[in-house]
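1. Coordinates only, no sequence provided:
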């Protein structure tokens, strides 16, 4: 298992988070790799992480000289990853190690399993609309859609709608940066995005290629913040991936047997 923590100006909590993740990973009794990718922080995030390497010998610290974006940090992590399973999240106290066991349980039968955030309670008008929609679907179709996990903000729900309409992705929280994947799938999913659209890009390409996706781990009342959001670059990267998607070389190299595992039937 490779665990990648994507950091930017996280000096205040990077030491505690690395120690917590190392403690959890040591208890798994399996080989692991812990990566900290510092995306051009202007504080001493990288220095504080480096100071822990004697205490956490499996920690590797990778650094960008200038901020390049969460997508670029994820590419850096993937280039250094060695193990068949690849997990990534932000170096942020909101994203803790205690949810990862649920993802590890689910990964045997899928290619990618993602968490989702509860966010804030849904505004009253949307709760009422949701109840009405569920009632009508139950009466007319004898089935109701899954409820939204919580209020993720206009940007979060807008990105989810955009991913469903244009890419057929049905996840409830497409921007959630808490995912466990089989590293082998990235042979066909080179990451084109530098910013947070990369979270959508992974799901969109995996869905198009027929990989099995799961969204199986609620993260609790995690409120999305500005660093999870998107702006002008988000839509530029959306257009690039939509218009000119890159699925890697036509002929793939021979598979690395050490980095592949078979999918097992559920249960």
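-> Right, received. Where do you want to start? All values derive from a computational prediction rather than experimental measurement. Numbering: from 1, shown residues only.
2. What mean pLDDT does stretch 246-255 get?
-> When pLDDT is averaged over stretch 246-255, the result is 75.
3. Which pLDDT value does the model give the nearest residue to residue 173 once chain neighbours are set aside?
-> Sequence neighbours aside, residue 116 is the residue nearest to residue 173 in space, at 3.8 Å (criterion: CB to CB, 6 or more residues apart in numbering). C-beta: built from backbone N, CA, C; applies to glycine. Model confidence at residue 116, given as pLDDT, is 87.
4. Count residues in the vicinity of residue 116, would you?
-> For residue 116, the neighbour count with other CB atoms under 10 Å is 23.
5. quick one, what contacts it?
-> Each residue near residue 116 by CB atoms under 8 Å, 6 or more residues apart in numbering is listed here: 149, 171, 172, 173, 176, 215, 217, 218, 219.
6. Can you tell me which of these has the most neighbours?
-> Neighbour tally across the contacts of residue 116 (other CB under 10 Å): the maximum, 28 neighbours, falls on residue 173.
7. Looks like that residue contacts residue 153 (just checking).
-> No - Residue 173 is beyond contact range of residue 153, at 11.0 Å (criterion: CB atoms under 8 Å).
8. quick one: secondary structure of the closest residue in space to residue 162 that isn't next to it in sequence?
-> Spatial nearest neighbour of residue 162, chain neighbours left out: residue 238 (6.9 Å); criterion: CB to CB, 6+ apart. Counting by DSSP: H, G, I helix; E, B strand; the rest coil, the backbone at residue 238 sits in helix.
9. quick one, what contacts residue 238?
-> Applying CB under 8 Å, 6+ apart to residue 238 gives the contacts 162, 166, 197, 200.
10. how much space is there between it and residue 85?
-> 28 Å (CB to CB, to the nearest Å).
11. Residue 91 too?
-> Distance, residue 91 to residue 85, by CB to CB: 19 Å.
12. Looking at those two, which one has more neighbours?
-> Neighbours per residue, other CB under 10 Å: of residue 91 and residue 85, the larger number sits with residue 91, 26 against 20.
13. Assign residue 247 to helix, strand or coil.
-> coil.
14. what sits against it?
-> Contacts of residue 247 by CB under 8 Å, 6+ apart are 188, 189, 190, 205, 209.
15. per-residue pLDDT, residue 150?
-> If you check residue 150, the pLDDT there is 67.
16. Numbering from 669 from now on, please.
-> All set: I'll call the first residue 669, so the last point we hit is now residue 818.
17. can you give me the strands in the stretch 819-935 of the chain?
-> Taking DSSP state E, counting those that start in this stretch, the strands of the stretch 819-935 of the chain run over residues 846-850, 881-886.
18. Can you spell out which helices and strands pack onto the shortest one?
-> By that I understand strand 846-850. strand 753-758, helix 768-774, strand 780-784, helix 865-876 (3 or more CB pairs under 8 Å, 6 or more residues apart in numbering; DSSP states H and E).
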